[in-house]
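**Q** Just need the structure, nothing else, for what follows:
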Amino acid sequence: MPGGGGAMMAKKKAQRKAQEAEAAANGHAVGNMARKVAPAEDETMLEDLSRAPKAERSDSFKLDGSKPQSMLHVKREFKRFLSEFALYTVWLMSFAFTILLTRDNTMTFQFADLFRKNIITGNGWDTDLTTVDQFWDFLLEATGAVLANDIFTRSFDDFFAAEPSFLYGNKRVGSLRIRQVRVPPSKCSTFYTSQLLAEGDEQARKSIQCYPEFDTGAKLEKTFKKEGDFQIIDTVAQPWFKYWEATELNEMPIFSATFASYPGSGFYIDVNEAWWTDDGKDLLLEIVPMGDDLVKEPMKNITLSQLRDSNWVDLKTRAIFFDFSFYNPNMNIFLVVRIVVEFLPSGIVSSYSTFRTVDPFRYGTASSSELIIVALFATFAILSMYYASKEFKSIYRNYSKYFTSFWSLVTFTIVICTLSLCGLTGYTIYVTRNVFDNLSATPDQGALQSLGFLLDQEKNFSGIIIVIMVIRVYKFCSVSRSLSTLTRTLGKSAKFLAVLVVLFLVASFGFALSTTLILGQDNYNFYSTSWAMFTLLRAGFGDFDYTEWLSHRFLGPFLLLCWLFFANAFLLNIVVAVICEAFVEVTEENKEADAAGHMTLVDALWDLGPVRKLLQMQKKKRDKIVKLEKTLEMVDVDGDGMTDVKELEGWLHETDAIDLLGVKDASELMAKFDLDGGGNLDPAEVQKLKDYVREKRNEVDQEMAGAVEDQMDKSRNSRRAAATSGDTAALNQRVMKIEQTVIGMSDQLTELTRVMHAISAGG
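**A** Residues are numbered from 1 along each chain as shown. A predicted model of the protein is given here:
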């Protein structure tokens, strides 16, 4: 039909516009149907959630379980959950593996324990160092042990040759530093104190002075003055009497020991080598020249007994620092040791020691393992900056709402801590280079101590951060009611638990003051209020030694019983009751949500399994029909405007449309649509065939949406049935218990009636 070409083109355009309008109407209708999924939606199920409005984004991964959800929304939420969880897992695991690959705690513990036993515990100095005389004995023994030589052979040494500055294969780095912190004298606190000390001598009373405990804010003695000796000390001949500031010594500004925090300044000596005297009772110390004298003066030698006899330690001494460092080339780590001996105003001497194993060279590029560590930490740092920008944007958009969310506060804390850790790590790398770049000089002991302290704080900071990051993993439990039971239980009980914590702290503070007053002078565990509070906390959980409370044989046990009754029998049981009540409430909410058919993201994803199979089956059928529609445009092979049986047969063979159209062959299809019986299909009859194929596609679309709806309803009903059956089973158990109780009461009444009759008959 050549003359009808223009009319046919116009007709096709009109049909195409009608199809587009119909598709738009169908898409709008399907979009408003509950749980109806259009085919076009199925093709975009994994669309990026960022295309959704920002108002729909939330801090948790939940579905609105009170109403049906489309598959598109479910999959968008799942994609958001999966991407956020995967990204956070990479952040967490990069940090965790950085820690694991740079910390060999087994080897580092053995390294530190070797020196701890050799210097402190093996000789009993952890408990026996309590007097000034014992301090000098300790200094003699420890100095000899640290500066002694041990076998460390080189290729050109013979087997028994000893390399100086090695101890058990570990090389000493820097000198041994002994530093003193002193306090100036002050007037005694009362007139009566001076009177007692002067014993009536008025002239002596005016010259009597006392020596207070060390206070961080108090003045230090910067000019060494010996009591009763008015001669000026020659600091050139005796340089250990010269005062040095912390910056001059490269020391950290402050260091906290057991009883006080001490500055990095003071009077010091650096000992390079030491030799035992012939009688084996004294040490000859080789003193390194100090400050500017390092290049002008030779080494000075002094025995330890001479240092003692010079009254370098007296009543003004409040702390002696004993510092040294060793390097293990096999493990490429340093041991930085500081032993602080505190001289208390009471006359007691107490020791506090730190043995820090640090690896300042852990971020290197010399080997593949070091490159992996650098890559892991770089990933952690980049993700820290990504999360920081993300959280700061959230704060900028909605400041008030952000800080009302618990998980937002946790994330904000992690971001601040990780950024601080990255900065601290960069600073430690910078300090390390400053300390070790000048390899021609021996590293200064003060710089080594400061570096060891920084690296140790970095390690401690990392330990705190990893705990908070692991806690944040519980945020992802919101995808399931079962997984979120713990967090929801704690959330419901948080307010009341906070009140109980306040009550506990108030009571523990009162008990701590009481035990400090009554038991503190006889028991170390109650010597201060803060330490007494920690002891009380342990006792509340059952960790206590009854003999510790017998310092006062009457009030001690009485206070212990009162505290255990309050903390354990009363307060702790209330805490358990509050948590149990919250748990029961959360459990009931779970049952109610299941009974109402409310779905979580996990439930919806679980249902998507069979739904996906149904969709795949229907989609294959639909794809075939779409292919039929496309090839129908080219069914008229010879272009004469008429479609004969051979052209239909070729089209059916190419598209495998026989089963879809429900016909046996091309002849049956021709007979079905050849309305005028001419043996060919004209354009109007071909359009009828196209309309028929389109109807088939619409039927498949409706079947797909219906299958999704039926499967979702089936899953929801099964959850309701499970919840209802659980409630029914519980109700049946209660009814059975009531019946048993009633039967038991009936039997008792029968027995009582029989007894009454027997008594009446006997009377």
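**Q** Which of the three states applies to residue 177?
**A** At residue 177 the chain is in strand, as set by DSSP: H, G, I helix; E, B strand; the rest coil.
**Q** Look up how far residue 268 lies from it.
**A** Going from residue 177 to residue 268 by Cβ to Cβ, to the nearest Å gives 6 Å. For every residue, glycine as well, the C-beta is placed using N, CA and C.
**Q** Kindly report the same for residue 555.
**A** 47 Å.
**Q** the more surrounded of those two?
**A** Neighbour count, other Cβ atoms under 10 Å: between residue 555 and residue 268, residue 268 has more, with 24 against 15.
**Q** so how many other residues sit close to residue 370?
**A** Neighbours of residue 370 (other Cβ under 10 Å): 16.
**Q** Quick check: which element contains it?
**A** Following DSSP states H and E, the helix or strand that holds residue 370 is helix 368-397.
**Q** And that helix, what does it pack against?
**A** Applying 3 or more Cβ pairs under 8 Å, 6 or more residues apart in numbering; DSSP states H and E, one finds that helix 368-397 contacts helix 71-102, helix 406-436.
**Q** I'd like those laid out as CSV, including mean pLDDT, distance to residue 262 and mean neighbour count.
**A** As requested, those are exported to CSV (pLDDT from 0 to 100; distance: least, Cβ to Cβ, whole Å; neighbours: other Cβ atoms under 10 Å):
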stretch, mean pLDDT, distance to residue 262, mean neighbour count
helix 71-102, 85, 31, 17
helix 406-436, 91, 21, 16
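**Q** now these in TSV, with distance to residue 170?
**A** Listed next are the helices and strands packed on helix 368-397 as TSV, based on distance: least, Cβ to Cβ, whole Å:
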stretch	distance to residue 170
helix 71-102	20
helix 406-436	17
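**Q** Roughly how far does residue 170 sit from residue 528?
**A** Distance check for residue 170 against residue 528: by Cβ to Cβ, it reads 37 Å.
**Q** higher neighbour count, these two?
**A** Set residue 170 next to residue 528 and count neighbours by other Cβ under 10 Å: residue 170 wins out with 23 against 14.
**Q** right, and the more buried one touches residue 328 too?
**A** Yes. The pair residue 170 / residue 328 is scored as a contact, 5.0 Å apart, by Cβ atoms under 8 Å.
**Q** quick one: which of the helices and strands packed on helix 368-397 is nearest residue 188?
**A** Evaluated with Cβ to Cβ, the helices and strands packed on helix 368-397 place helix 406-436 nearest to residue 188, the distance being 44.7 Å.
**Q** need the next SSE after that closest one, C-terminal direction.
**A** Next helix or strand after helix 406-436 toward the C-terminus (DSSP H and E): helix 445-472.
**Q** What residues sit buried inside that next one?
**A** For helix 445-472, a neighbour-count test (16 or more other Cβ atoms under 10 Å) marks 445-455, 458-459, 461-462, 465, 469, 472 as buried.
**Q** Mind giving me the packing neighbours of it?
**A** Counting contacts by 3+ Cβ pairs under 8 Å, 6+ apart, helix 445-472 packs against helix 71-102, strand 176-182, strand 317-328, strand 333-343, strand 349-358, helix 406-436.
**Q** Could I get the ones you listed in JSON lines, plus columns for distance to residue 521?
**A** Listed next are the helices and strands packed on helix 445-472 as JSON lines, based on distance: least, Cβ to Cβ, whole Å:
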{"stretch": "helix 71-102", "distance to residue 521": "44"}
{"stretch": "strand 176-182", "distance to residue 521": "27"}
{"stretch": "strand 317-328", "distance to residue 521": "22"}
{"stretch": "strand 333-343", "distance to residue 521": "19"}
{"stretch": "strand 349-358", "distance to residue 521": "16"}
{"stretch": "helix 406-436", "distance to residue 521": "41"}
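**Q** right, and those - which one's nearest residue 480?
**A** Distance to residue 480, taken as Cβ to Cβ, is lowest for helix 71-102 among those, at 10.8 Å.
**Q** and the angle for the closest one with helix 445-472?
**A** On the basis of axes from the mean of the first three to the mean of the last three Cα atoms, to 10 degrees, helix 71-102 is oriented at 150 degrees to helix 445-472.
**Q** and helix 71-102 with helix 368-397, angle?
**A** 130 degrees.
**Q** after helix 71-102, next one along is what?
**A** The first helix or strand that comes after helix 71-102 along the chain, using DSSP H and E, is helix 105-119.
**Q** other SSEs contacting that next one?
**A** Applying 3+ Cβ pairs under 8 Å, 6+ apart, one finds that helix 105-119 contacts helix 132-147, strand 333-343, strand 349-358.
**Q** Please identify the deepest-packed of those.
**A** Ranked by average neighbour count under the criterion mean count of other Cβ atoms under 10 Å, the helices and strands packed on helix 105-119 are headed by strand 333-343 at a mean of 24.
**Q** That strand to strand 349-358, inter-axis angle?
**A** Computed with the same axes, to 10 degrees, the direction of strand 333-343 lies at 170 degrees from that of strand 349-358.
**Q** Just the mean pLDDT for strand 333-343, thanks.
**A** For strand 333-343, the mean per-residue pLDDT is 93.
**Q** quick one: strands adjacent to that strand?
**A** Using DSSP bridges, the strands paired with strand 333-343 are strand 317-328 (antiparallel), strand 349-358 (antiparallel).
**Q** May I see those organised as TSV, with distance to residue 417 and mean pLDDT added?
**A** Shown next, in TSV, are those (distance: least, Cβ to Cβ, whole Å; pLDDT from 0 to 100):
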stretch	distance to residue 417	mean pLDDT
strand 317-328	29	92
strand 349-358	20	91
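**Q** Can you add distance to residue 341 and give those strands back as TSV?
**A** Formatted as TSV, the strands paired with strand 333-343 follow (distance: least, Cβ to Cβ, whole Å):
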stretch	distance to residue 341
strand 317-328	5
strand 349-358	5
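**Q** pretty sure residue 171 is in a helix, no?
**A** No. Per three-state DSSP, residue 171 lies outside any helix segment and is strand.
**Q** isn't it right up against residue 329?
**A** Yes. Residue 171 is within contact range of residue 329, at 6.9 Å (criterion: Cβ under 8 Å).
**Q** Of those two, which one has the most company?
**A** Higher neighbour count among residue 171 and residue 329: residue 171, with 16 against 10, using other Cβ under 10 Å.
**Q** in the sheet, who's paired with the more buried one?
**A** In beta-bridge terms (that is, DSSP bridges), residue 171 pairs with residue 166, residue 327.
**Q** State the distance from it to residue 145.
**A** From residue 171 to residue 145 the distance is 15 Å (Cβ to Cβ).
**Q** on contacts alone, who are the packing partners of the strand or helix carrying residue 498?
**A** Assigned by DSSP H and E, residue 498 belongs to helix 485-519. Identification of packing neighbours for helix 485-519 by 3+ Cβ pairs under 8 Å, 6+ apart yields helix 529-540, helix 555-564, helix 573-595.
**Q** Rebuild those helices as TSV, extending it with distance to residue 667.
**A** Formatted as TSV, the helices and strands packed on helix 485-519 follow (distance: least, Cβ to Cβ, whole Å):
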stretch	distance to residue 667
helix 529-540	93
helix 555-564	98
helix 573-595	58
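**Q** wait, which of the ones you listed is closest to residue 320?
**A** Closest among the helices and strands packed on helix 485-519, using Cβ to Cβ: helix 529-540, at 23.8 Å.
**Q** So residue 675 lies in a strand, does it not?
**A** No. Per three-state DSSP, residue 675 lies outside any strand segment and is coil.
**Q** Go ahead and confirm it touches residue 686.
**A** No. At 11.5 Å, residue 675 does not count as touching residue 686 under the criterion of Cβ under 8 Å.
**Q** Please identify which of the two sits among more neighbours.
**A** Between residue 675 and residue 686, counting by other Cβ under 10 Å, residue 686 is the more crowded of the two (21 against 11).
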